[in-house]
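# Predicted model follows, preceded by the sequence.
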Amino acid sequence: MKESKTQLELIGCYDCGTPVAFSVVACPTCGSSEPLGPYVHSPRELKLHRIEEKNDQTLMSMTLLCCGIGLFLGALIGGIWAAFGYGLVGAIIGVPAGFIINVSRRIFG
């Protein structure tokens with residue numbers, strides 16, 4: 001009967017260069033947790049990350065802007081509690097406004 005032996009494919013550890021199996025979690029020599037090296041993003045993944053970052057910035061900007069306007073108007077109308085209340089309402093309005101801007105940017109270009 002013929003015995004089949006599987007041979008592991010060895011690659012060099014990214015940090016120390018020691019040959020390690022492709023499926024290892026950590027290098028047995030240097031202890032590196034990424035013996036295959038850092039993950040390299042494709043251009044499409046990088047573009048999606050930039051879009052997500054811009055969406056996050058837009059959402060935060062709209063929330064802070066609406067909250068600031070609410071604080072200002074509340075301070076003009078009433079006092080500290082009115083400013084707090086209007087600021088809270090502004091923040092509640094700012095989140096959906098930022099979301100709508102992000103969705104419309106995705107739909108229209």
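Cool, the structure landed. Numbers count the residues shown, from 1 in each chain.

# C-alpha from now on. contacts and neighbour counts both.
OK.

# which residues of this structure score low on pLDDT?
For the chain, applying pLDDT under 70 flags the ranges 1-8, 109.

# What segments of it are strands?
For the chain, applying DSSP state E gives strands covering 10-12, 19-21.

# Need the winner for burial among these.
strand 19-21 (a mean of 18; mean count of other C-alpha atoms under 10 Å).

# Can you give the distance from that strand to the centre of its chain?
32 Å (C-alpha atoms, centre = their mean, to the nearest Å).

# Contacts for it, please.
For strand 19-21, the surrounding residues in contact (C-alpha atoms under 8 Å, 6 or more residues apart in numbering) are Leu8, Glu9, Leu10, Ile11, Gly12, Cys13, Cys27, Pro28, Pro35.

# So the fourth one is in contact with Phe22, correct?
Spelled out, it's Ile11. Yes. Judged on C-alpha atoms under 8 Å, Ile11 makes contact with Phe22 at a distance of 6.3 Å.
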